[in-house]
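Undergrad: Got a predicted model here, sequence first, then my questions.
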Amino acid sequence: MSELEKIESELAVLTKQLADFLLLPPCDRSTPGFAKIWRPISRYRVRLRTALQDQGSILSDPRYRDAHTSEMEQRVGYNAAHRRLRLWPNVEDMVNKQVTPVGKQLMPQPSDYMEGAHNKYVNHLYSALHTLALPSAEAMMNLLSDAHPDIALPATHFEALMHAAYRICLAQGRDTPPRFLDVGCGGGTKIWAALPFFPDASGLENNPTQVKVGAAAMAKLNAPEHCIIEADARLFKDYSKYDVIYFYRPLKDPNGLREMEDAIMAQARPGTILIAPYLGFSAENEDRRCSNIAPSIYVVGVSPYQVEGLRRRSEMIGTEAPRHGSAADASLGYWRPIVEASRRNGYAL
Ligand SMILES: C[S@@+](CC[C@H](N)C(=O)[O-])C[C@H]1O[C@@H](n2cnc3c(N)ncnc32)[C@H](O)[C@@H]1O
């Protein structure tokens, strides 16, 4: 083991301790508690820099190179160690924000996501995507009589709902990635829009032409294969497989809509997040089947008292753009436990 590797493995023990500290509830994290863990970590910065310089000199002199590994492998390892050291200020910033985090409401005010030049511009672009993925004239003719045409919820409103649902999922401390479902997904653009938050996203749609056109659009975008399921939302039997279920009033007929809402609430597991951004959702006022946690967002099978605790924990989750685990995480080395703990807290590098 080289001196550099030895230092990195010592540091990994300390960064694991810091990761455990970050996973404490926010009220149990304190500045002195953080300083006690961070101080010994920070001493390694200079040692690492020196060890890297030494390693660089060794690599440039064939006489001293490690005979058991190829020069290429040694250079790859050296470059990766360099990258880890360069991450130092970013990691420090990311961790500092989590020591005494400030809570933020789950849903912003409607004016924050609907008004202003930026929101209007994003919604203008999204409406083009929606039109491009939209069923052909033929599909519009085929619309089932009790269905709403594929009218899209504006992208900035949807993004606010997705981010709130994502923060709730993090606060719930789930062990597996949440599965998202858009009930009545039309051309499928909301599946695409949900992917940055929920990489396992699907939609269901009962208009066969829309399913065909939507599936072709999703394939062009490289969305997960078979992400559009052809089914009637009132008769679908697999709602219990999903963790976040979004339905933007797919059916015009109030009885049909009610049937769909009942089917969803009868099957959804406790803790499932429902997103129903329309007036008249049958459980919007006090309902034993689910409790309201934020505007248009509900949690299945929990009491208003329990949902209040979950809301408070969710508000303490950070609001940075979600980052999910990938193969590249392996090269994070000693930073990995901190990066993973930070992601669970809603913070990213
Ligand atoms: C208002 S659009 C919603 C589009 C998209 N989910 C959004 O939020 O932007 C409603 C969609 O629900 C579909 N739909 C209507 N009735 C349905 C049913 N019984 N089962 C499944 N999908 C249905 C319609 O064909 C239409 O594409």
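TA: Yep, it's here.

Undergrad: Residue 41 reaches residue 19, doesn't it?
TA: No. Counting by CB atoms under 8 Å, residue 41 does not reach residue 19; the two are 11.3 Å apart. To be clear about C-beta, it is placed using only N, CA and C from the backbone, and glycine gets the same treatment.

Undergrad: For the ligand, what's its nearest residue on the chain.
TA: Residue of the chain nearest the ligand, by CB to the nearest ligand atom: residue 184 (2.4 Å).

Undergrad: now that residue, nearest residue through space, not along the chain?
TA: Excluding the flanking residues, the one nearest residue 184 by CB to CB, 6 or more residues apart in numbering is residue 250, at 2.7 Å.

Undergrad: just residue 230 next, same as before
TA: Distances taken as CB to CB, 6+ apart put residue 211 closest to residue 230, at 4.5 Å, once the chain neighbours are dropped.

Undergrad: Could you confirm that neighbour falls within a strand?
TA: No. Residue 211 is assigned helix when assessed by DSSP: H, G, I helix; E, B strand; the rest coil, not a strand.

Undergrad: how many neighbours does it have?
TA: Residues within reach of residue 211, counting by other CB atoms under 10 Å, total 23.

Undergrad: now do residue 269
TA: Residues near residue 269, counting by other CB under 10 Å, number 12.

Undergrad: does it count as helix, strand or coil?
TA: With three-state DSSP as the basis, residue 269 sits in coil.

Undergrad: That one and residue 290 touch, don't they?
TA: No. Counting by CB under 8 Å, residue 269 sits too far from residue 290 to count as a contact (11.6 Å).

Undergrad: picking that back up, contacting residues for the residue of the chain closest to the ligand?
TA: By CB atoms under 8 Å, 6 or more residues apart in numbering, the contact list for residue 184 reads 147, 148, 203, 204, 205, 206, 233, 247, 248, 250, 251.

Undergrad: quick check, nearest of those residues to residue 54?
TA: Nearest to residue 54 among those: residue 203, at 55.5 Å, using CB to CB.

Undergrad: contacting residues around the nearest residue to that closest one once chain neighbours are set aside?
TA: Closest residue to residue 203 apart from its sequence neighbours, by CB to CB, 6+ apart: residue 185 at 2.6 Å. Contacts for residue 185 (CB under 8 Å, 6+ apart) come out as 191, 203, 204, 205, 214, 228.

Undergrad: which of those has the weakest pLDDT?
TA: Of all the contacts of residue 185, residue 214 has the smallest pLDDT value, namely 90.

Undergrad: Do I have it right that it meets residue 182?
TA: No. Assessed by CB under 8 Å, residue 214 is found out of contact with residue 182, at 10.3 Å.

Undergrad: okay, and the common contacts of these two?
TA: Contact criterion CB under 8 Å, 6+ apart; residues shared by residue 214 and residue 182: 188, 203.

Undergrad: Would you verify that residue 181 is located in a helix?
TA: No. Under three-state DSSP, residue 181 sits outside any helix and is assigned strand.

Undergrad: residues touching it, list them.
TA: By CB under 8 Å, 6+ apart, the contact set of residue 181 is 201, 202, 203, 204, 239, 242, 244, 245, 246.

Undergrad: one more time with 6 Å, if that's ok
TA: 202, 242, 245 (CB atoms under 6 Å, 6 or more residues apart in numbering).

Undergrad: ok, of the residues you listed, which come out buried?
TA: Among these, those classed as buried by 16 or more other CB atoms under 10 Å are 202, 242, 245.

Undergrad: Look up the closest residue to the second one, ignoring the ones flanking it.
TA: Same thing as residue 242. residue 181 (4.2 Å).

Undergrad: Quickly list what the one you found is bridged to.
TA: Beta bridges link residue 181 to residue 202, residue 245, judged by DSSP bridges.

Undergrad: So for it, what's the pLDDT?
TA: Per-residue confidence (pLDDT) for residue 181: 98.
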